[in-house]
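Peer 1: I'll drop the sequence and a predicted model, then ask my questions.
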Amino acid sequence: MEYTLSQLAEQVGGTIVGNGDCVISCVAPVEDAGAGAISFVSSPKFVKYLADTRAEAVIVKEAQAVDLPVPALVVTNPRATYGRIASLLYPSFRPAAGVHATAVIENQAKIDPSAYIGANAVIESGAVIGANTYIGAGCVIGRNARIGTNTYIHANVTVYFDCHVGNDCIIHSGAVIGADGFGFEHDEGSWVKIPQIGIVRIGNQVEIGACSTVDRGAVSDTVVEDGVKLDNHIQIGHGAKIGEHSIMSNGVGVAGSTTVGKNVIVGGMAGIRDNIEIADNVMITAMSLVSKSLDKPGSYSSGTPIDDTRNWRKNTVRFRQLDELAKRVQQLEKLVNK
Amino acid sequence: MEYTLSQLAEQVGGTIVGNGDCVISCVAPVEDAGAGAISFVSSPKFVKYLADTRAEAVIVKEAQAVDLPVPALVVTNPRATYGRIASLLYPSFRPAAGVHATAVIENQAKIDPSAYIGANAVIESGAVIGANTYIGAGCVIGRNARIGTNTYIHANVTVYFDCHVGNDCIIHSGAVIGADGFGFEHDEGSWVKIPQIGIVRIGNQVEIGACSTVDRGAVSDTVVEDGVKLDNHIQIGHGAKIGEHSIMSNGVGVAGSTTVGKNVIVGGMAGIRDNIEIADNVMITAMSLVSKSLDKPGSYSSGTPIDDTRNWRKNTVRFRQLDELAKRVQQLEKLVNK
Amino acid sequence: MEYTLSQLAEQVGGTIVGNGDCVISCVAPVEDAGAGAISFVSSPKFVKYLADTRAEAVIVKEAQAVDLPVPALVVTNPRATYGRIASLLYPSFRPAAGVHATAVIENQAKIDPSAYIGANAVIESGAVIGANTYIGAGCVIGRNARIGTNTYIHANVTVYFDCHVGNDCIIHSGAVIGADGFGFEHDEGSWVKIPQIGIVRIGNQVEIGACSTVDRGAVSDTVVEDGVKLDNHIQIGHGAKIGEHSIMSNGVGVAGSTTVGKNVIVGGMAGIRDNIEIADNVMITAMSLVSKSLDKPGSYSSGTPIDDTRNWRKNTVRFRQLDELAKRVQQLEKLVNK
């Protein structure tokens, strides 16, 4: 793909300083870029590379748009603009619309003619695949599931029956949408399964990483709202609701019936227990265990810091005595204050 | 599906109070239920909804079975009975028995005539699929693996060669049964693979969640006993044994050669190290690290509580000084006691 | 498979004591072994079984090679030698070379004639599959991906477009190589995707466990060097680099742009944050959170020890007061020292 800088500016916004006719065909870091490449500078520590850059053009904030050796696109958020331009220069692979000869399309599935269904994919009865949507090789889209428009589902994804995925979503390989929530009742020595009769509803512009799972609801649905971004190995439990534009790094677990607000940021491998509420704009640091509702925005953490194992071991021994230690300090305070 | 309340009582037990001929076709929460719906009340906080419920019938304990506006099924464990009734009303999808035209059945695989093999599934040589078992689209059942009767394996599951899955099991998409255990020996700067020649043996009435893995044994088999329920993203290491009716939430890891007893409950994302033993009836809270055998029943935990990040950071600094702090308190005690 | 002890010694090294013509057909623990079985003794606690073993032969260190009732192979590392011998006795299943009738080989894919492509596997356009490589049923190898020689990819693995896997690798089912790294920029209330234009480069003799993920780079590639062994459910973030012969247990997460050195050992479910460096020969214990670079070899840990929940709860309350407690001790010291 090739665009002039002016064409890019038309699509992603920003003001051109210099020659808008230069032709951009790739992206590169500002310090390594060569002919045809566009680079962005966001962080102050890369500003120094601007004076000598060999990039075809650069994306910068207004403050950096002076005395540049190359044309510039001036914007308020260079990294976001970089992302939008890179998406134009490196579009996702889109084969011609159609159904691969080896795909299985069951009766009453409805495939939009502009969609693509990959090799050995299975679209079960009653499923609906929207316009311009890509279903990768080996995917299984269950009975009556609905996949929206312009959604990209990579190879070997499973969507269970009746579940909904919105428009403009990306789902990566190995992800499983709509497996049974984990519901059992102990009765006379064994566990009785509670059927999971809700579905999963995934909004628009949602990205779900490789090997992530979103379970179907026990009764009420599991909901992932618009703009949510989930990394790999994530678990969203039955009946949970993830608010708009929240983002979770690798390995996060959200247990059942928990409501996570909007614009929440969750660090990798954090766990959020069931039946609690996380307020909008909360940030949770990596590997924290959230064992209670967090009703105010802010940053939250748990855990202990990395240390060399010998020191750590000594301190953990003391951790097991911490309540006793605190009582001894109280006792000392009483004695000393007398 | 539709049943009269009497028909349900015949199948799941309990005593009918009121008209057993009412027709039940769905389940719903007691506060939202309408015609045709059955609801259950277990927790005291929902009892208040009974007086005005519009459910067709309710499932209650004996104490609540008075002055009800609708017919009731009286049982000792309403939620368990609800689960059994919901399983009748919402049975798992069962297509007509047979092998999908696109499934690959290798020579010498034995498929019971009452089983169903889905689209693009692969049943390798010598594998045995029992009566009434459902193998979803895209599953791969390896050479000489044995799947019991009435087991439901959702799409895109992989069972490695020689492994056994029992009767009445459910395995969710993305699960992998029988991959190599993680065994290597360091030798002259690199790792020599220890072949994993054991298998996996999964009992009856076991449920395994999406993207969970049970590794084959190094020499002795990995065993998951009857009635065990595993959520998503779980890892059971080589040679581990999980006792009957134990239950593990999302993301739990059990390392190799560890024995977990019966009726053990493990909270989400807890880790259990290798070569230890966990007694029957142990409960482990979420995200705990079990680094030693637990030989008595009871509840066990590790970790630190969630806090706002600023406080947490101050406390974690002190955690690294905890041994020193304890020694300073000892010193103070000596001085004060003199 | 059967070998004489002499034949095995020729292939794996070591000195024979006793009759090298004995025929070995299986392996077994020294205390259980019978005719045809070879056993190894490494740990001192198994030495006592040597005197009465019924094994066909044993693998021992020189110090144990005296007065043995059976032939012995004397080596410096019995367990490593055991691993090599077991690999000969229990070779991975290798069907005759060729492409299964149901596999989809797109135009311009290059399959070495000695490779095997399993049922319903999909090899996309331009992909290259090397000599003696096995691609299991249901795998999807993306456009222009390159898989080396003698590599074994189990069923239902996904390798994204352009990614490289080396020679003599093993990849287990459910693994996903080359999904998008997790890169987004927040802009005006939503997240802009940063296209991930790097690839994954996996070296030789690498093993990757079931349901593990290695993400493609944002710009620079994600690299897993020769001899690395990754267990199940592992995440390697975009642009990370894992040094030669490092080994990670189940559930480890390595975040983006982090460099892990050589011969690093990471315990299960440990998390390593982004943009840091871990020195060669570091060991990290299970469930530790590595929140900063570790620039010296040694063992590192975080977390707190398992305890019964009641004690743990009391101590965690004190943890939240730890900074205050430390200040009270300082105050006491001032008072007492006066």
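Peer 2: Yes, it's here. Residues are numbered from 1 along each chain as shown, chains lettered A, B, ... in the order given.

Peer 1: Run through chain A and note the low-pLDDT ranges.
Peer 2: Of all residues in chain A, none has pLDDT under 70.

Peer 1: in it, which spans are helices?
Peer 2: In chain order, chain A shows helices spanning A:5-12, A:78-89, A:309-319, A:322-337, with DSSP state H as the criterion.

Peer 1: what's the angle between the longest one and helix C:322-337?
Peer 2: Using axes from the mean of the first three to the mean of the last three C-alpha atoms, to 10 degrees, the interaxial angle of helix A:322-337 with respect to helix C:322-337 works out to 30 degrees.

Peer 1: Any buried residues in helix A:322-337, and which?
Peer 2: Using 16 or more other C-beta atoms under 10 Å in any protein chain shown as the test for burial, helix A:322-337 gives A:322-323, A:325-326, A:328-329, A:332-333, A:336. Quick note: C-beta positions are derived from backbone N, CA and C, even for glycine.

Peer 1: what's near enough to touch A:T259?
Peer 2: Taking C-beta atoms under 8 Å, 6 or more residues apart in numbering or on different chains as the criterion, A:T259 is in contact with A:240-241, A:243, A:276-278.

Peer 1: again, only this time at 6 Å
Peer 2: A:T259 makes contacts with A:241, A:277, as judged by C-beta atoms under 6 Å, 6 or more residues apart in numbering or on different chains.

Peer 1: Residues of the stretch 51-200 of chain A that sit close to chain B?
Peer 2: Taking C-beta under 6 Å from any C-beta of the partner chain as the criterion, the neighbours of chain B within the stretch 51-200 of chain A are A:104, A:120, A:122, A:138, A:140, A:158, A:174, A:176, A:179, A:182, A:184-185, A:187, A:190-195, A:197.

Peer 1: Dump the helices of chain A into JSON lines; add distance to chain C as well.
Peer 2: Putting the helices of chain A into JSON lines (distance: least, C-beta to the nearest C-beta, whole Å) gives the following:
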{"stretch": "helix A:5-12", "distance to chain C": "10"}
{"stretch": "helix A:78-89", "distance to chain C": "4"}
{"stretch": "helix A:309-319", "distance to chain C": "4"}
{"stretch": "helix A:322-337", "distance to chain C": "4"}
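
Peer 1: C:Y3: which of those is closest?
Peer 2: Each of these was scored for nearness to C:Y3 using C-beta to C-beta, and the closest is helix A:309-319 (42.6 Å).

Peer 1: relative to helix C:322-337, how tilted is the closest one?
Peer 2: Angular relation of helix A:309-319 and helix C:322-337 on a 0 to 180 degree scale: 80 degrees, by the same axes, to 10 degrees.

Peer 1: in helix A:309-319, what counts as buried?
Peer 2: Neighbour counts over helix A:309-319 (16+ other C-beta under 10 Å) mark A:309, A:311-312, A:314-316, A:318-319 as buried.

Peer 1: got it, and stretch A:75-87?
Peer 2: Along stretch A:75-87, these residues count as buried under the neighbour rule (16+ other C-beta under 10 Å): A:75, A:77-87.

Peer 1: now stretch A:146-165
Peer 2: With the criterion 16+ other C-beta under 10 Å, stretch A:146-165 contains buried residues A:146-165.

Peer 1: swap in stretch A:272-279?
Peer 2: For stretch A:272-279, by 16+ other C-beta under 10 Å, it's A:272-274, A:276, A:278-279.

Peer 1: Name the nearest of the buried residues of stretch A:75-87 relative to chain B.
Peer 2: A:R79 (24.4 Å; C-beta to the nearest C-beta).

Peer 1: if we can go back for a sec, and the buried residues of stretch A:272-279, which two are the farthest apart?
Peer 2: Longest distance between any two of the buried residues of stretch A:272-279 is 17.1 Å, between A:D274 and A:A279; criterion C-beta to C-beta.

Peer 1: Can you name the residues that contact the closest residue to A:A35 other than its chain neighbours?
Peer 2: Nearest residue to A:A35, sequence neighbours excluded (C-beta to C-beta, 6 or more residues apart in numbering or on different chains): A:E56, at 5.9 Å. With C-beta under 6 Å, 6+ apart as the criterion, the residues that contact A:E56 are A:22, A:24, A:35-37.

Peer 1: distance of A:L289 from A:V266?
Peer 2: Separation of A:L289 from A:V266 (C-beta to C-beta, to the nearest Å): 12 Å.

Peer 1: Kindly report the same for A:A63.
Peer 2: For A:A63, the distance to A:V266 under the criterion C-beta to C-beta works out to 33 Å.

Peer 1: So for these two, which sits in the more crowded spot?
Peer 2: Taking A:A63 and A:V266 together and counting by other C-beta atoms under 10 Å in any protein chain shown, A:V266 has the greater number of neighbours (29 against 9).
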